[in-house]
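Participant: have a look at this prediction, sequence included:
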Amino acid sequence: MKTINRIRISYVLWALLPLAVGGLSTLLSMDGMKENALLPQPALQPPGWVFSLAWGVLYLLMGIGAGLVYNAEPRGRKDALIPFFGQLVLNFLWSPLFFALKLRLAAFFVLLGMFGLAVWMTVAFRRVRPLAGYLQIPYLLWLCFAGYLNLAGYLING
């Protein structure tokens, strides 16, 4: 029973980690987000609430995937978590770069790095626990869309 409770707690902690990182990054960028909303936006720009919903779901899927990997057999799990933490660091940096510092082109290159690490994470997760890898597919798709929005935002607003 203690083992089952420990595993449940670890899933909660893994799910909360990306949510906390994303929340802190957002808090650091709030003023810039408000200013950015007043600028011309790219075509296909969704309303602001879509970003909150999408990132919340994506962070949960990311955390659940990491929890699946962490609670899997030891073979390969540590290596699979390396890109998880790497992309989480870049994910944290992206919002302050784009919104607070208005370094949209630098943010785009950070996003490219994030995408590369997310691909690596997806493949590594899949090797350890296939479901953990498949849970990252929406994240990869969203990062492609975010890349379009980031680059278009840079081209429109500098």
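Facilitator: Looks like it came in fine. Numbers count the residues shown, from 1 in each chain.

Participant: separation between the spatially most central residue of the chain and residue 118?
Facilitator: Nearest to the mean C-alpha position of the chain, counting by Cα atoms, centre = their mean, stands residue 91 at 5.3 Å. Distance of residue 91 to residue 118, given as Cβ to Cβ, to the nearest Å: 9 Å. Every C-beta, even on glycine, is put in place using the N, C-alpha and C of the backbone.

Participant: about what we covered before: looking at it, the residue nearest to the centre of the chain is touching residue 22, isn't it?
Facilitator: Yes - counting by Cβ atoms under 8 Å, residue 91 sits close enough to residue 22 to count as a contact (6.8 Å).

Participant: which of the residues in stretch 5-12 are buried?
Facilitator: residue 11 (16 or more other Cβ atoms under 10 Å).

Participant: with stretch 42-53 instead?
Facilitator: Within stretch 42-53, the residues that qualify as buried are residue 51, counting by 16+ other Cβ under 10 Å.

Participant: run through this structure and note the low-pLDDT ranges.
Facilitator: Under the criterion of pLDDT under 70, the regions of the chain flagged as low confidence span 1-2.

Participant: ranges for the helices of it?
Facilitator: Assignment of helices within the chain using DSSP state H yields the ranges 2-27, 30-37, 48-70, 77-95, 104-128, 130-134, 137-157.
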